[in-house]
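Asks: the sequence isn't on hand, but the structure is:
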């Protein structure tokens, strides 16, 4: 078992603190409130000071963090190996974009931005992202249930196949209906879903901004961190460390696996919603391909499987760095591949291993990730 | 009826390709218990090195590749096949030596991640302009586009011709002779006994004096050689060569892996059976249901098999013990 999970302190806090009614909830919400404050600050200060190009990179970093941290719940915390995260992301993105596009066509008869900051359009956008997350979570359940009962490497193949299936199915979808023509659409236009086919879903209203990305990122981080130190999270970690021992202790391993899979899929779907509504992005079936999935896998592996802060750092660096090294774009994946191989040879637990960055200086008493039982 | 027969012929040809690739997956899985993700990239390497070797060889014997209509003598194809098999064997050996051998005692997940790393590396090094380049190419025609036999079904207006092409037959013959060779090697030679022993229990095999590292190396080389042959035969059938990191290659490798899983991973005969099952599902599904979803059928098939018989058609389900 990891020491860091025991040391995080959540258990003591909820056990001893006697606070007036509601205060516990308030203090519990503090990290999210701080995160939202940070997001507001970013939203109003950053674009003015560094310009649109760099704020776009900061937005991309936020989305990458949401996806990498959610993938880390499956790959790091539960010790499974999913390589179809981009499939979930794209599915969520398409569902969210579908809801926003067609609801705003029906309500406002146009798909341009409606309302300003926190205006009605943005609330519709938030709602559609959550719908995207829920649909993706259901898909995660459907995919996870058969494959998670099997050994880890089958999961890798099934998730990879899932991403490809999503890509193929999305390529067969119909043409996007113009906002003016939505109300008079015929059934033949609606089946298959009119989300653009192989060229991508163009014309999605561009609601994604730094505020929403960083608010949702804060929620993702808080959920991931609280999950890691909760009893559910410890059950997941026990599955990672030793499935047989975990089962002997009464942990239902397939339930924990499916649970982590569904949670990760939900956040991937929400992240996909943010991606689909990002200015300058046209979400297309190719986003579901394995290449993007590998990007997120590399982030979790480099950051440290199970370390949330490590994955955040890796996601930020790996997203921002290629933007500054555009001249070497064709070497990017070669460097990533070499990083993966060398990392596995030299430091297989990732940069931070299973620790958080603020725990690094305390020497762990337990050994690192246990060797697999032969 | 004619459509059925034509689909059947294609399915047999494609099935023997899948079986060849699946053999490589299943042998490595049987011995090292991990999915060699880089195996599909060895197939790509086989295809692209055949392209490079045949251009080089044709230039050497003074045949103009541009606008070539008549194929060169048959030995050119054989030499190209042997060259690319040898080249891929060397690459497979090197990969095992440098990337996988140091991880022999590491958790399986680490080896899997390394394999993905190797796969990405091969794809993207192949995409460099100095290597194969990132644009599709046209494979020079090495085999004559002859029809070996053709049948006519029906009469008058509804008559349809079914063609058995030379390429299909060559694929089937080459693939099945390689598979029979494999079968002989694994079940009737001393080397095969060593391979099966290592697969059964590595530590005990080592105690019995079997050089485990050498057996693993030989397995990798054999798998890569078969993959190279599959890559060569694939471009003989589909001469338009996609760039190394194209999705089509990844899908080819994935389907072959699915074939290995369906047959029962680790089982040599299962891989061959799985290859044909997958090809039949894919080709008949594409013909009778819809071409657009041909990749989907294979994965649906995989999930169904995993639900009903997790060990695969010919595999045995083993319970994990402490």
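Replies: Sure, I can see it. Just so it is clear, the structure is predicted and the values come from calculations on it, not from any experiment.
Asks: after the lengthiest helix in chain A, next one along is what?
Replies: If you go by DSSP state H, chain A has its longest helix at helix A:23-72. The helix or strand immediately downstream of helix A:23-72 is helix A:85-108, counting by DSSP states H and E.
Asks: now the next helix or strand after that next one against helix A:23-72, angle please.
Replies: Counting by DSSP H and E, the next helix or strand C-terminal to helix A:85-108 is helix A:120-147. In terms of direction (axes from the mean of the first three to the mean of the last three C-alpha atoms, to 10 degrees), helix A:120-147 departs from helix A:23-72 by 60 degrees.
Asks: now the strands for the stretch 51-200 of chain B?
Replies: Under the criterion DSSP state E, counting those that start in this stretch, the stretch 51-200 of chain B contains strands at B:137-138, B:147-153, B:160-165.
Asks: is the longest helix of chain A anywhere near chain B?
Replies: No - judged by C-beta under 8 Å from any C-beta of the partner chain, helix A:23-72 and chain B are separated, with a smallest distance of 13.3 Å. Every residue, glycine included, has its C-beta placed from N, CA and C.
Asks: figure out how far that helix is from the centre of its chain.
Replies: 14 Å (C-alpha atoms, centre = their mean, to the nearest Å).
Asks: other SSEs contacting it?
Replies: Using 3 or more C-beta pairs under 8 Å, 6 or more residues apart in numbering or on different chains; DSSP states H and E, the elements in contact with helix A:23-72 are helix A:85-108, helix A:210-228, helix A:253-276, helix A:290-303, helix A:308-324.
Asks: most tightly packed of the strands of the stretch 51-200 of chain B?
Replies: Comparing the strands of the stretch 51-200 of chain B by mean neighbour count (mean count of other C-beta atoms under 10 Å in any protein chain shown), strand B:160-165 ranks first with a mean of 16.
Asks: list the strands paired with it, with their directions.
Replies: strand B:147-153 (antiparallel) (DSSP bridges).
Asks: which outside residues touch the strand it pairs with?
Replies: Strand B:147-153 is contacted from outside by B:1, B:2, B:5, B:159, B:160, B:161, B:162, B:163, B:164, B:165, B:166, B:169, using C-beta atoms under 8 Å, 6 or more residues apart in numbering or on different chains.
Asks: show me where pLDDT drops low in the stretch 251-374 of chain A?
Replies: A:360-374 (pLDDT under 70).
Asks: rewinding a little: could you dump the helices and strands packed on helix A:23-72 to JSON lines with distance to chain B and mean neighbour count?
Replies: Formatted as JSON lines, the helices and strands packed on helix A:23-72 follow (distance: least, C-beta to the nearest C-beta, whole Å; neighbours: other C-beta atoms under 10 Å in any protein chain shown):
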{"stretch": "helix A:85-108", "distance to chain B": "11", "mean neighbour count": "26"}
{"stretch": "helix A:210-228", "distance to chain B": "19", "mean neighbour count": "21"}
{"stretch": "helix A:253-276", "distance to chain B": "11", "mean neighbour count": "27"}
{"stretch": "helix A:290-303", "distance to chain B": "6", "mean neighbour count": "25"}
{"stretch": "helix A:308-324", "distance to chain B": "13", "mean neighbour count": "20"}
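Asks: just send those helices back as TSV, with distance to residue A:49 too.
Replies: Converted to TSV, those look like this (distance: least, C-beta to C-beta, whole Å):
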stretch	distance to residue A:49
helix A:85-108	29
helix A:210-228	12
helix A:253-276	22
helix A:290-303	27
helix A:308-324	17
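Asks: tell me which of the ones you listed lies nearest to residue B:243.
Replies: Using C-beta to C-beta as the measure, helix A:290-303 is the one of the helices and strands packed on helix A:23-72 that comes nearest residue B:243, at 13.0 Å.
Asks: give me the helices and strands touching the closest one, please.
Replies: Right, helix A:290-303 is packed against helix A:23-72, helix A:85-108, helix A:152-171, helix A:308-324, helix A:332-346, helix B:108-127 by 3+ C-beta pairs under 8 Å, 6+ apart.
Asks: what residue in chain B comes nearest to chain A?
Replies: In chain B, the residue found nearest to chain A is residue B:117; the distance is 3.3 Å by C-beta to the nearest C-beta.
Asks: measure the residue nearest to that residue when sequence neighbours are not counted to residue A:301 for me?
Replies: Once flanking residues are discounted, residue B:117 sits nearest to residue A:340: 3.3 Å by C-beta to C-beta, 6 or more residues apart in numbering or on different chains. Distance, residue A:340 to residue A:301, by C-beta to C-beta, to the nearest Å: 6 Å.
Asks: and if you look at residue B:144?
Replies: Note on residue B:144: its distance to residue A:301, by C-beta to C-beta, is 49 Å.
Asks: then residue A:38?
Replies: Taking C-beta to C-beta, one finds residue A:38 at 28 Å from residue A:301.
Asks: what residue is smack in the middle of chain B?
Replies: Centroid-nearest residue in chain B: residue B:21, 2.2 Å away (criterion: C-alpha atoms, centre = their mean).
Asks: just the element for it, please.
Replies: Per DSSP H and E: helix B:2-32 holds residue B:21.
Asks: so that helix versus strand B:147-153, what angle?
Replies: 130 degrees.
Asks: elements contacting helix B:2-32?
Replies: Checked by 3+ C-beta pairs under 8 Å, 6+ apart, helix B:2-32 has helix B:39-60, strand B:147-153, strand B:160-165, helix B:166-188, helix B:190-200, helix B:212-237, helix B:247-263, helix B:268-288 packed alongside it.
Asks: per-residue pLDDT of residue 73, please?
Replies: Answering for chain A, as no chain was given. Note for residue A:73: predicted pLDDT of 93.
Asks: let me rephrase: I mean chain B.
Replies: 74.
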